[in-house]
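K.L.:
can't give you the sequence, but here's the structure:
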């Protein structure tokens, strides 16, 4: 499992802020330092995984607060992340956001990213209907296949640009956007991952789950290698939040249509998805304690989505490196990433967030918070599998090792976290989630940027 760690200098800053940060709570009133002009928060990044090696890089979030009259809002923001691993995975991302660059109250967001993953999670389709056989990745088991049996490789070039504007009704907005994805899929390059490993740590040359799905005809030849996905996104948004990174009150609801036209270069990939998401925020203790929840649905309404686009989560604002689900840091915390994939999915999240210390540190307003959460999700429309699937399996393949039809149900997790927030906008988030069912994995630790929603 990939773990992204904010290291040394940042961890020292976190501890320092707890002990030496100048308290800004006085008689229950929160007083903040004036924030204006240009500001940025640099965050060193390092991580380690036995199969992808060491990860190293830098995240920098730039803000322009102008004369300070907009604070905690900003004139524009630029988020950048550049990181690499010693085995070839990498993140290169630029994300721009501004409500004031274009006249007429038009908000623009744009993302340009190139993402490489040598071991992207792949567990099959339709949730629990696809068996997660832990013995296949356990080197101590007689049934061991490979540590990367449930993985595949992806190279993902992504460009998106969205506009939002008012429609004359309070808090209601229209959205229109375009996207270009160039995605290359493939099996795991075990030869590359084995470089420098001792004989006992080398990955065997064996057939992985993604290879079997292609052999069995579940994944077609045209989609197996990826493709070019041009997209058009449109929809309506209702947004009455008082603060976007961590609202204390308000509603954020959206209904979005994601359409992929058929053009030269993307073979037969033409489809449409509908994504509806409702989020609401309640104040329980003014300024310090809030209760928040999110309900979501996403599903195909026309055409057939290629398998590599089924996990892609559609939203009006996605300042995250990866937008895959369900399962993982940005959807169901504590469940294996991409564990719950289907033709249509539904999900829910609820959490309480408590700000327990406000201070100033390094010329920034900061606060510490903790959260407790519960997440749930399931496939509500399954992807069709070949009718004669049983006959397609190889002589050494046991049907029950890979499929358990009719067992899909709600996937549940719970957990908690700790956050440090700079100037109400940059959120360093430490969270741990635990799945209720071992078929979803053993839990996950997530250290990254931003609240879930």
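P.N.:
Yep, it's here. Worth saying up front: this structure is predicted, and the values here are computed from it rather than measured.

K.L.:
ok, the nearest residue to residue 35 once chain neighbours are set aside - contacts?
P.N.:
Once flanking residues are discounted, residue 35 sits nearest to residue 71: 4.9 Å by Cβ to Cβ, 6 or more residues apart in numbering. Heads up, the C-betas are built off the backbone N, CA and C, glycines and all. Neighbour list for residue 71: 34, 35, 36, 65, 423, 424 [criterion: Cβ atoms under 8 Å, 6 or more residues apart in numbering].

K.L.:
pretty sure residue 162 sits against residue 177.
P.N.:
Yes: if you go by Cβ atoms under 8 Å, residue 162 and residue 177 touch, sitting 3.4 Å apart.

K.L.:
where does the chain have low pLDDT?
P.N.:
Scanning the chain for pLDDT under 70 picks out 1-31, 46-53, 87, 264-267, 319-320.

K.L.:
can you pull out the helices in the stretch 201-350 of the chain?
P.N.:
209-215, 221-224 (DSSP state H, counting those that start in this stretch).

K.L.:
distance to residue 350 and mean neighbour count for the ones you listed - can I get that in CSV?
P.N.:
Listed next are these as CSV, based on distance: least, Cβ to Cβ, whole Å; neighbours: other Cβ atoms under 10 Å:
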stretch, distance to residue 350, mean neighbour count
helix 209-215, 33, 19
helix 221-224, 35, 15
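
K.L.:
ok, which of these comes nearest residue 327?
P.N.:
For the helices of the stretch 201-350 of the chain, the distance to residue 327 is smallest for helix 209-215, at 15.4 Å, taking Cβ to Cβ.

K.L.:
centre of the chain to that closest one, how far?
P.N.:
25 Å (Cα atoms, centre = their mean, to the nearest Å).

K.L.:
before we move on, what about stretch 57-66?
P.N.:
Relative to where its chain is centred, stretch 57-66 has its mean C-alpha point 20 Å off (Cα atoms, centre = their mean).

K.L.:
again with stretch 415-428
P.N.:
Between the mean C-alpha point of stretch 415-428 and the mean C-alpha point of its chain there is a distance of 16 Å (Cα atoms, centre = their mean).

K.L.:
one more: stretch 280-300?
P.N.:
Per Cα atoms, centre = their mean, the displacement of stretch 280-300 from the mean C-alpha position of its chain is 18 Å.

K.L.:
stretch 58-73: which residues count as buried?
P.N.:
The neighbour-count criterion (16 or more other Cβ atoms under 10 Å) identifies 59, 61, 62, 63, 64, 65, 66, 71, 72, 73 as the buried residues of stretch 58-73.

K.L.:
pick the one among those closest to residue 204.
P.N.:
Distance from residue 204 was checked for each of the buried residues of stretch 58-73 by Cβ to Cβ. The minimum falls on residue 59, at 35.7 Å.

K.L.:
remind me which helix or strand that closest one belongs to.
P.N.:
Element membership of residue 59, judged by DSSP states H and E, is strand 53-64.

K.L.:
residue 391 now?
P.N.:
According to DSSP H and E, residue 391 maps onto helix 389-392.

K.L.:
and that helix, how far out from the chain's middle?
P.N.:
Relative to its parent chain, helix 389-392 has a centroid offset of 34 Å by Cα atoms, centre = their mean.

K.L.:
in the following helix or strand past it, what counts as buried?
P.N.:
Downstream of helix 389-392, the next assigned helix or strand under DSSP H and E is helix 399-402. Within helix 399-402, the residues that qualify as buried by neighbour count (16+ other Cβ under 10 Å) are residue 402.

K.L.:
one step back: can you lay out the contacts of residue 71 as CSV showing distance to residue 302?
P.N.:
Listed next are the contacts of residue 71 as CSV, based on distance: Cβ to Cβ, whole Å:
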residue, distance to residue 302
34, 52
35, 46
36, 48
65, 44
423, 43
424, 41
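
K.L.:
just the residues you listed now: which is nearest residue 274?
P.N.:
Of all the contacts of residue 71, residue 424 has the smallest distance to residue 274: 32.8 Å, by Cβ to Cβ.

K.L.:
OK, contacts around that closest one?
P.N.:
For residue 424, the contacting residues are 71, 72, 243, 245, 246, 365, taking Cβ under 8 Å, 6+ apart as the criterion.

K.L.:
which parts of the helix or strand in which the last one is found are buried?
P.N.:
Following DSSP H and E, the helix or strand that holds residue 365 is strand 364-381. For strand 364-381, the neighbour count (16+ other Cβ under 10 Å) marks 364-369, 371, 373-380 as buried.

K.L.:
pairing partners for it, with directions?
P.N.:
Sheet pairing of strand 364-381 (DSSP bridges) gives strand 344-361 (antiparallel), strand 411-422 (antiparallel).

K.L.:
let me see the contact set for residue 256.
P.N.:
By Cβ under 8 Å, 6+ apart, residue 256 lies in contact with 175, 233, 234, 235, 274, 275, 276, 314, 315, 316.

K.L.:
how near is the fourth one to residue 326?
P.N.:
Residue 235 sits at a distance of 21 Å from residue 326 (criterion: Cβ to Cβ, to the nearest Å).

K.L.:
how about residue 425?
P.N.:
Plainly put, residue 425 is 27 Å away from residue 326 if you go by Cβ to Cβ.

K.L.:
which of the helices of the stretch 201-350 of the chain sits closest to residue 105?
P.N.:
Checking the helices of the stretch 201-350 of the chain against residue 105 by Cβ to Cβ gives helix 221-224 as the closest, at 40.5 Å.

K.L.:
the contacts of residue 256, buried ones only, as a ChimeraX selection?
P.N.:
Under the burial definition 16+ other Cβ under 10 Å, those of those that qualify are selected in ChimeraX by:
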select :175,233,235,274,275,276,314,315,316
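
K.L.:
let me have the contacts of residue 256 in a markdown table, extended by distance to residue 198.
P.N.:
Formatted as a markdown table, the entries for the contacts of residue 256 read as follows, by distance: Cβ to Cβ, whole Å:
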| residue | distance to residue 198 |
| --- | --- |
| 175 | 52 |
| 233 | 48 |
| 234 | 54 |
| 235 | 52 |
| 274 | 50 |
| 275 | 46 |
| 276 | 51 |
| 314 | 44 |
| 315 | 43 |
| 316 | 48 |
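
K.L.:
of the contacts of residue 256, which belong to strands?
P.N.:
Secondary structure assignment (DSSP state E) places 175, 233, 234, 235, 274, 275, 276 from the contacts of residue 256 within strands.

K.L.:
ok, of those, which one's closest to residue 299?
P.N.:
Out of those, the one with the shortest distance to residue 299 is residue 274. That distance is 6.2 Å, counting by Cβ to Cβ.

K.L.:
which residues in the stretch 201-350 of the chain form strands?
P.N.:
Secondary structure of the stretch 201-350 of the chain by DSSP state E, counting those that start in this stretch: the strands cover 226-239, 250-260, 271-285, 289-303, 344-361.
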